[in-house]
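K.L.:
coordinates for the following, if possible.
(one chain, ligands or ions: 4)
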Amino acid sequence: MGVKWMSDNILVLAVLGLILRIAEVCDGGITSSYVRNKDLARDMPLDSDVFRVPPVYNAPQQVHITQGDHEGKSVIISWITPDEPGSSTVLYWAENCEVKNRAKGIFLTYKYFNYTSGYIHHCTIDNLEFDTKYYYEVGFGYTTRQFWFRTPPSVGPDVPYTFGLIGDLGQTPDSNITLTHYELNPTKGQTVLFVGDLSYADAYPFHDNGRWDTWGRFIERSAAYQPWITTVGNHELDFAPDLGETKPFKPYTKRFHVPYKVSKSTSPLWYSIKRASAYIIVLSSYSAYGKYTPQYKWLESELPKVNRAETPWLIVIIHCPLYSSYVHHYMEGETMRVMYEKWLVEYKVDVVFAGHVHAYERSERVSNIAYNIVNGLCEPIGDQSAPVYITIGDGGNLEGLVTEMTEPQPSYSAYREASFGHGIFDIKNRTHAFFGWHRNQDGYAVEADSLWLHNRYWKPFREPSVALL
Ligand SMILES: *[C@@H]1O[C@H](CO)[C@@H](O)[C@H](O)[C@H]1NC(C)=O
Ligand SMILES: *[C@@H]1O[C@H](CO)[C@@H](O)[C@H](O)[C@H]1NC(C)=O
Ligand SMILES: *[C@@H]1O[C@H](CO)[C@@H](O)[C@H](O)[C@H]1NC(C)=O
Ligand SMILES: [Fe+2]
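P.N.:
Ligands and ions are numbered 1, 2, ... in the order given. Sure, this is the predicted structure:
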């Protein structure tokens, strides 16, 4: 009898388990069935068109810009002259304006193992007019090269603005396709939010920093014309004690200057800017973030400063995702999630963009902040004060895509797919922003996943997901 009782109950338990499992599966969102060719990509060869050096002796190359102040009236222009210092002066003028202005920058060089950089110039131009096209020239005489950019509209709650999202880009043919799709997307991104892992130069023997130079030349066609707001990834660490390179982030911080001081940050690895109707907080997954650390103290004092009446859209960009259901890098963001998620919910962050995982994923609005050691409350729950977490580490670097996912798809995961692509975050006004994910295998206008986001401060109600598959 005992045996029968047991076997009956095992059966019941098994059936129950099956039901629970099915329920769990139904709970999760969409796992796309698209399967990509798994061949690993190689970086584009050194003689590729995208790496071409300007044909003139010592001409500026690797030109890229980023925001230079807190509001968007200033731009940092960076470039490299390979052979000699040349000039650090930028000549710039507003469209339709006769008056040309000059700003004097600085230059620096660095060594990495047996690599010596070219002359890296950084020049901040400021007191620009909002919403104005500017031309600028770097180099002088016959080396002069001309570019342009447009300043953002004045900061305000209903200013439409369009951000592009790119992560983990590298320099393979797939990277080139991602950048091309971003450029040819009919919804024109005005500024790139780059979620870390830039050149992947560290994948080469001795971290061949020549691959930082090729990457700089590759992205120039976008980054010289619109700001790239960058955050660091693990591939920016370039920490190699065996090569005598013990200062983390050396090549990155020499090459990419950011306006960290204007948000009272003490490190270029975390800072904030305002741009149009958005407030963007850049964090570093690879700098200390525990209690009392500089990054922690900065973020703690930064979040209360955000005025949602002025900048309704609060965006955090970071390299390592806090929510990801892929097997690769699983739970790597967990310690930072434990430290910061409470604040993200308290301050109603609209969206957190991350990279690191070479795939795409979008979360539901969930939080997991109730746990206190003894209460057992340690699962994500739906939370309309929580951000949407989007992983967009699918730029196309030489490590390829990650395809293995945890199963079943957890309920916090709304959509996941291992394809290369980029994102567009299109702010319409204080209440509505449209996010679209664009895959490299689709036409330029196609969104494989998309969502209308309702602003958490102005319209804190559940939004219908409009995944199109
Ligand atoms: C990169 O993309 C651009 C624009 O589509 C194209 O002109 C160029 O030939 C591509 N280069 C490589 C090496 O793929
Ligand atoms: C750096 O050292 C490596 C290993 O000895 C060598 O292969 C490489 O060519 C060197 N690079 C430069 C720029 O000297
Ligand atoms: C904000 O934008 C959304 C989407 O375009 C639109 O439906 C809504 O009416 C706009 N709100 C206002 C106040 O204009
Ligand atoms: Fe990474």
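
K.L.:
report the separation between the residue nearest the centre of the chain and residue 290.
P.N.:
Most central in the chain under CA atoms, centre = their mean is residue 195, positioned 1.9 Å from the mean C-alpha point. For residue 195, the distance to residue 290 equals 22 Å [CB to CB, to the nearest Å]. (Each C-beta comes from the backbone N, C-alpha and C, glycine too.)

K.L.:
re the thing from before, doesn't residue 228 make contact with the residue nearest to the centre of the chain?
P.N.:
No - Residue 195 is beyond contact range of residue 228, at 11.0 Å (criterion: CB atoms under 8 Å).

K.L.:
still on that earlier bit, what distance do you get for the residue nearest to the centre of the chain to ligand 3?
P.N.:
In this view, residue 195 and ligand 3 are 25 Å apart by CB to the nearest ligand atom, to the nearest Å.

K.L.:
ditto for residue 370
P.N.:
Per CB to the nearest ligand atom, residue 370 is found 34 Å from ligand 3.

K.L.:
tell me the contacts of residue 420?
P.N.:
36, 174, 177, 178, 394, 395, 396, 401, 439, 440, 441 (CB atoms under 8 Å, 6 or more residues apart in numbering).

K.L.:
and those, which are buried?
P.N.:
Burial by neighbour count, 16 or more other CB atoms under 10 Å: within the contacts of residue 420 this picks out 36, 174, 177, 178, 394, 395, 396, 401, 439, 440.

K.L.:
surely the second one forms part of a strand?
P.N.:
No - under DSSP: H, G, I helix; E, B strand; the rest coil, residue 174 sits outside any strand and is assigned helix.

K.L.:
could you check the pLDDT of it?
P.N.:
Model confidence at residue 174, given as pLDDT, is 97.

K.L.:
go on, the fourth one?
P.N.:
Residue 178 carries a pLDDT value of 98.

K.L.:
spell out which parts of the protein neighbour ligand 1.
P.N.:
When proximity is defined as CB under 6 Å from any ligand atom, the chain approaches ligand 1 at 44, 48, 49, 50, 173, 176, 180.

K.L.:
rewinding a little: and the residue nearest to the centre of the chain, backbone torsions?
P.N.:
As for residue 195, its main-chain torsions (degrees, to the nearest 10) stand at phi -90, psi 30.

K.L.:
what's near enough to touch it?
P.N.:
Residue 195 neighbours (CB under 8 Å, 6+ apart): 165-168, 231, 233, 317-319, 353-356, 392-393.

K.L.:
cutoff 10 Å now
P.N.:
Residues counted as contacts of residue 195 (CB atoms under 10 Å, 6 or more residues apart in numbering) are 165-169, 229-233, 282, 285, 317-321, 352-356, 390-393, 395, 423.

K.L.:
out of those residues, which are close to ligand 2?
P.N.:
Okay, of those, nothing touches ligand 2 (CB under 6 Å from any ligand atom).

K.L.:
return the subset of those lying in strands.
P.N.:
Within the contacts of residue 195, residues falling in strands by DSSP state E are 165-166, 229-230, 282, 317, 352-354, 390-392, 423.

K.L.:
neighbour-wise, which of these leads?
P.N.:
residue 391 (32 neighbours; other CB atoms under 10 Å).
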